[in-house]
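**Q** Got a predicted structure here, sequence first:
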Amino acid sequence: MASVNVQLMWFEERIVTSLPPLVEPAESLSKAEVERYSRHLIIPDVGMIGQKRLKNAKVLVVGAGGLGSPALLYLAAAGVGTLGILDFDIVDESNLQRQVIHGQSDVGKSKAVSAAESVAEINPFVKVILHTDRLDSDNVLEIFAGYDLILDGTDNFATRYLVNDACVLLNKPYVWGSIYRFEGQVSLFWAEYGPQYRDLYPEPPPPGMVPSCAEGGVLGVLCASIGSIMVTEAIKLITGIGETLLGRLMVYDALEMTYRTVKIRRDPAGEPITGLIDYEVFCGSVSDEAAEAAASHTISARDLKRRMDAGEDFALIDVREVNEYEIVSIPGAVLIPKGDILSGEALSRIPQDRPVILHCKSGARSAEALAVLHKAGFADAVHVGGGVLAWIKQVDPSLPSY
């Protein structure tokens, strides 16, 4: 990695950050590479030297999903010499609405393998390294050490904090992107020279407060918009051209078609990162109250079916949102969204003369609602572990999954 000197200049209340090239240039480009990258080479800012830097760069993309798909395709097309693909998941049909690196024939295949095959079709000059194990505190430092730059396209807070802390410890820059429904965010973090992710989010949000894309949805084409910006930042950083997003958060609203940037400052009260932690515990999938409520008050989808078949009289309450209920529902379930339960607004609508069974999509939201019901006096209320997805898998596979 080339040595880095950062110059920060104040101009109109924002940080303008100029960074020198991240890597040294490769020795040469072949005739075939010159012809392939000719549209880059005739840009004065990139030229032969910039393209040689791209060829010499080693970039790891964490996640071959919504953001990783366009990022990998455009990094490969741009001529990044070594691409690492990290993903332990397999391709599901629900991925194809936005994860354009995969196709119908890839359903059931390793996402990393599927992505590597697409990269090879885009650019045979790119060396691909596959990482198909789940990223965790035991392997992250060893994996990241071999790369110049990390792109984080994951959709959960535990992995985001893990990526950040590993990059801080290894002094690696990384480009972060996030998407949800119609909004996307992008920034570049490099703790030695500017803010890190913990300066933007010192603490993870309360469990259940921020739904994932799997729960809240995402406009498929938004991934292309944010993924391409992430690659633009990567190319600028590798070649040393333009102004990066170091110290700035770019926010894109697809409905209003607006881009705005927000200044990010280092948190003077931030604790130094000296090692890795248990990030699942740090972030928590559900609150302590929800975990306690669900510990002895969880039934399976098969248990629910047996109660139905036995003719038991109970109130089955679906705590998802209206649009989810319209996609698929468990027979007999009444919709009362989690937010109405947490606010107390819906408590009067929940019957007190019969058992109450809650469910959501996968079990997290119903656990949060369950904790509220227990505090409100519904001591015997239970929830369905795995939610409607478990019902589809274990009881009625004819229903659509989402």
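**A** Okay, I see it.
**Q** Could you tell me which residues within stretch 288-295 count as buried?
**A** 289-290, 293-294 (16 or more other CB atoms under 10 Å). (Each C-beta comes from the backbone N, C-alpha and C, glycine too.)
**Q** Also stretch 118-126?
**A** 118-119, 122-123, 125-126.
**Q** what does stretch 352-362 give?
**A** Per 16+ other CB under 10 Å, stretch 352-362 contains these buried residues: 356-362.
**Q** Need the residues you listed in TSV (columns: distance to Gly81).
**A** Putting the buried residues of stretch 352-362 into TSV (distance: CB to CB, whole Å) gives the following:
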residue	distance to Gly81
Val356	59
Ile357	56
Leu358	52
His359	49
Cys360	45
Lys361	41
Ser362	40
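**Q** hmm, back to that, in helices only, show me the buried residues of stretch 288-295.
**A** 289-290, 293-294 (DSSP state H).
**Q** Retrieve the pLDDT associated with the most centrally placed residue in the chain.
**A** Centroid check for the chain by CA atoms, centre = their mean gives Asp155 as the closest residue, at 1.7 Å. Note for Asp155: predicted pLDDT of 91.
**Q** doesn't it fall inside a helix?
**A** No: under DSSP: H, G, I helix; E, B strand; the rest coil, Asp155 sits outside any helix and is assigned coil.
**Q** ok so Ile317 is a strand residue?
**A** Yes: checked against three-state DSSP, Ile317 lies within a strand.
**Q** Between all of the buried residues of stretch 288-295, which two are separated the most?
**A** Glu289 and Ala294 (9.7 Å; CB to CB).
**Q** Please, which helix or strand holds Met48?
**A** Assessed by DSSP states H and E, Met48 sits inside helix 47-56.
**Q** partners of the helix or strand following that helix, with directions?
**A** Downstream of helix 47-56, the next assigned helix or strand under DSSP H and E is strand 58-62. Looking at strand 58-62 with DSSP bridges, its partner strands are strand 82-86 (parallel), strand 149-152 (parallel).
**Q** can I get those in JSON lines with distance to Tyr180 and mean pLDDT?
**A** Shown next, in JSON lines, are the strands paired with strand 58-62 (distance: least, CB to CB, whole Å; pLDDT from 0 to 100):
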{"stretch": "strand 82-86", "distance to Tyr180": "22", "mean pLDDT": "98"}
{"stretch": "strand 149-152", "distance to Tyr180": "15", "mean pLDDT": "98"}
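**Q** Which one, of these, ends up nearest to Leu399?
**A** strand 82-86 (32.8 Å).
**Q** can you give me the helices in the stretch 251-400 of the chain?
**A** With DSSP state H, counting those that start in this stretch as the criterion, the stretch 251-400 of the chain has helices at 279-283, 288-295, 301-309, 322-327, 338-342, 364-375, 387-394.
**Q** what's the least confident stretch among those helices?
**A** Mean pLDDT values for the helices of the stretch 251-400 of the chain show the minimum at helix 279-283, a mean of 86.
**Q** How far does that one sit from its chain's centre?
**A** Centre-to-centre, helix 279-283 and its host chain are 15 Å apart (CA atoms, centre = their mean, to the nearest Å).
**Q** if we look at that helix, which residues are touching it?
**A** Helix 279-283 is contacted from outside by 137, 156-159, 161-162, 204, 207, using CB atoms under 8 Å, 6 or more residues apart in numbering.
**Q** top of those residues by neighbour count?
**A** Neighbour counts for the contacts of helix 279-283 (other CB atoms under 10 Å) peak at Leu162, which has 25 neighbours.
**Q** Could you chop the protein up by domain?
**A** Here the domain parsing of the chain from automatic domain parsing is 7-283, 288-394.
**Q** one step back: now for the buried residues of stretch 118-126: which two are most distant?
**A** Ser118 and Phe125 (14.8 Å).
**Q** quick one, what contacts the nearest residue to Arg365 once chain neighbours are set aside?
**A** With sequence-adjacent residues excluded and distances taken as CB to CB, 6 or more residues apart in numbering, Arg365 is closest to Lys338, at 4.7 Å. For Lys338, the contacting residues are 208, 319-320, 360, 365-366, 368-369, by CB under 8 Å, 6+ apart.
**Q** if you set the cut-off to 6 Å instead, what comes out?
**A** Applying CB atoms under 6 Å, 6 or more residues apart in numbering to Lys338 gives the contacts 319, 365, 369.
**Q** Then Tyr197?
**A** Tyr197 is in contact with 164, 189, counting by CB under 6 Å, 6+ apart.
**Q** thinking in terms of the whole chain, how far from its middle is the helix holding Met48?
**A** 30 Å.
**Q** pLDDT below threshold where in the stretch 151-300 of the chain?
**A** 208-209 (pLDDT under 70).
**Q** again, only using 80
**A** For the stretch 151-300 of the chain, applying pLDDT under 80 flags the ranges 206-215, 284-286.
**Q** can I get the domains of the chain in CSV with distance to Pro400?
**A** Converted to CSV, the domains of the chain look like this (distance: least, CB to CB, whole Å):
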stretch, distance to Pro400
domain 7-283, 10
domain 288-394, 5
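**Q** measure Met127 to Ala390 for me?
**A** You called it Met, but residue 127 is Lys. Here the criterion is CB to CB, to the nearest Å. By it, Lys127 lies 41 Å from Ala390.
**Q** more crowded one of the two?
**A** Ala390 (19 against 11).
**Q** now that one: how far from Ile330?
**A** Ala390 sits at a distance of 10 Å from Ile330 (criterion: CB to CB).
**Q** Look up the closest residue to Glu215, ignoring the ones flanking it.
**A** Using CB to CB, 6+ apart and skipping the chain neighbours, the partner closest in space to Glu215 is Lys361 (6.1 Å).
**Q** Gly387 is in contact with the one you found, correct?
**A** Yes: between Lys361 and Gly387 there is a contact at 4.9 Å, judged by CB atoms under 6 Å.
**Q** which neighbours do the two share?
**A** Joint contacts of Lys361 and Gly387 (CB under 6 Å, 6+ apart) do not exist.
**Q** one step back: now, among the ones in helices among the buried residues of stretch 288-295, which is nearest to Leu54?
**A** Looking at these and their distance to Leu54, the nearest is Ala290, at 46.8 Å (CB to CB).
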